[in-house]
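Asks: no sequence for this one, just the structure:
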């Protein structure tokens, strides 16, 4: 399965600022996904990012707040804009597995733990 | 919304088998059952998946009932390192993974 590197692993940010999270994959992948995990909660999908097209956002998430870039098949960024304490969460990048291997699942990065103060 | 229901938490003695149930009564014929786990402060880790046959790998076994409305993940010899939140997810081809609250498994010494 793919190996995913996320940066930064954690950060403490001031409210009103923005943070860009990077996700690097060791192989080319078509689809990349960004999830949020609020404290004590399960994972929620923010958006799906395909190379060469606009990201597709899930209900409750908007591009102005969470702009995403996908410049090539191995890299994506998620920006958390104009942060407030409610944005304190773990943000996770994931990629789809090799569909040639029987509908394999997603591989996840280790996440970025964001604290907004 | 998640298509599965799982117990909120379970305990298991170290060295014993951990049996984690999952109900997915509305599963469709082309939807797979996936299991992931999330150890504290890490990203979710794939464990196993299946369509209708029982599956086994080096980590666990997956038992799916004949009507496919429920399944059980079996960790044959639980260790302290298996303490984690376990997610049962039903997903069809091309669909996104939707995570429910999962089962918090505590392996006790």
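Replies: Arrived safely, thanks for sending. Bear in mind the structure is a predicted one, so any value in this text is a computation, not a measurement.
Asks: ok, the residue lying closest to residue B:109 once chain neighbours are set aside to chain A distance?
Replies: Nearest residue to residue B:109, sequence neighbours excluded (CB to CB, 6 or more residues apart in numbering or on different chains): residue B:14, at 5.3 Å. (C-beta placed from N, C-alpha, C; glycine too.) Computed as CB to the nearest CB, to the nearest Å, the residue B:14 to chain A distance reads 26 Å.
Asks: and residue B:14, what pLDDT?
Replies: Per-residue pLDDT puts residue B:14 at 97.
Asks: now for the helix or strand of chain A with the lowest mean pLDDT, which elements pack on it?
Replies: Least confident element among the helices and strands of chain A, by mean pLDDT, DSSP states H and E: strand A:106-108 (a mean of 89). Contacts defined by 3 or more CB pairs under 8 Å, 6 or more residues apart in numbering or on different chains; DSSP states H and E place strand A:106-108 against strand A:89-96, strand B:45-50.
Asks: how about the shortest one: buried residues?
Replies: To tie it back to what came earlier, the one meant is strand B:45-50. B:46, B:47, B:48, B:49, B:50 (16 or more other CB atoms under 10 Å in any protein chain shown).
Asks: and the residue of chain B closest to chain A?
Replies: residue B:43 (3.5 Å; CB to the nearest CB).
Asks: nearest spatial neighbour of that residue, skipping sequence neighbours?
Replies: Excluding the flanking residues, the one nearest residue B:43 by CB to CB, 6+ apart is residue A:108, at 3.5 Å.
Asks: what about residue B:74, how many neighbours?
Replies: If you count neighbours by other CB atoms under 10 Å in any protein chain shown, residue B:74 ends up with 16.
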